[in-house]
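Peer 1: no FASTA, just this:
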């Protein structure tokens, strides 16, 4: 039976690596997966999903106007749908992915951040936490050894940033996974 999955974590916990491994597993069984990533992140080129350990795969890009249900319904057969950067989904897009599961019977696996650098949920993450059939936290650790649960934005000098737009694309140079205690520290 098809389900909607939300794999969430902080930065640097292996979400993209897990997505790419899932794609590999499907391809190894001669099944096709549709891969999606947000159009905002072009660090490695448009429509490229890249993990920190160097794995890479082309994907279909989505923005706030993209209709997942129509695209998947019109695509040739797909054994599953994999969505990277799921925090950037709109509420409506999450509902479209629910329809992919419920109407088309195709499993959807989404991967994304639970919260931003201020500790607030993203629109897509909030909706996925509410409606996903299966929630799975991918864990990583803070520099102190405790479980990291927060994403701390840092400047070029490694200093904590507390103001700014919710969305700022970046990797290890801009975000550090930390425990709540270190997130709350000045």
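Peer 2: Yep, it's here. In this text the structure is predicted, and so the values were computed from the model without any measurement.
Peer 1: Kindly indicate whether the residue minimising distance to the centre of the chain is helix, strand or coil.
Peer 2: Centroid-nearest residue in the chain: residue 112, 2.3 Å away (criterion: Cα atoms, centre = their mean). Assigned with DSSP: H, G, I helix; E, B strand; the rest coil, residue 112 falls in the strand class.
Peer 1: same thing with residue 126?
Peer 2: helix.
Peer 1: Please apply the same query to residue 21.
Peer 2: Three-state call for residue 21 (three-state DSSP): helix.
Peer 1: list the contacts for it?
Peer 2: Contacts for residue 21 (Cβ atoms under 8 Å, 6 or more residues apart in numbering) come out as none. No exception for glycine: its C-beta is placed from N, CA and C like everyone else's.
Peer 1: Secondary structure element for residue 106, which one?
Peer 2: Residue 106 belongs to no helix or strand when assigned by DSSP states H and E.
Peer 1: picking that back up, tell me the pLDDT of the residue nearest to the centre of the chain.
Peer 2: Per-residue confidence (pLDDT) for residue 112: 97.
Peer 1: For it, give me its contacts.
Peer 2: 6-8, 15, 83-89, 122, 124-125, 128.
Peer 1: is it in a bridge, and if so with what?
Peer 2: Assessed by DSSP bridges, residue 112 has beta-bridge partners residue 8.
Peer 1: Please report which of the contacts of residue 112 has the highest neighbour count.
Peer 2: Top of the contacts of residue 112 by neighbour number is residue 86, holding 31 neighbours under the definition other Cβ atoms under 10 Å.
Peer 1: coming back round to it: tell me the spacing between the residue nearest to the centre of the chain and residue 122.
Peer 2: Using Cβ to Cβ, to the nearest Å, residue 112 is found at 7 Å from residue 122.
Peer 1: Residue 110 too?
Peer 2: Residue 110 sits 12 Å away from residue 122, going by Cβ to Cβ.
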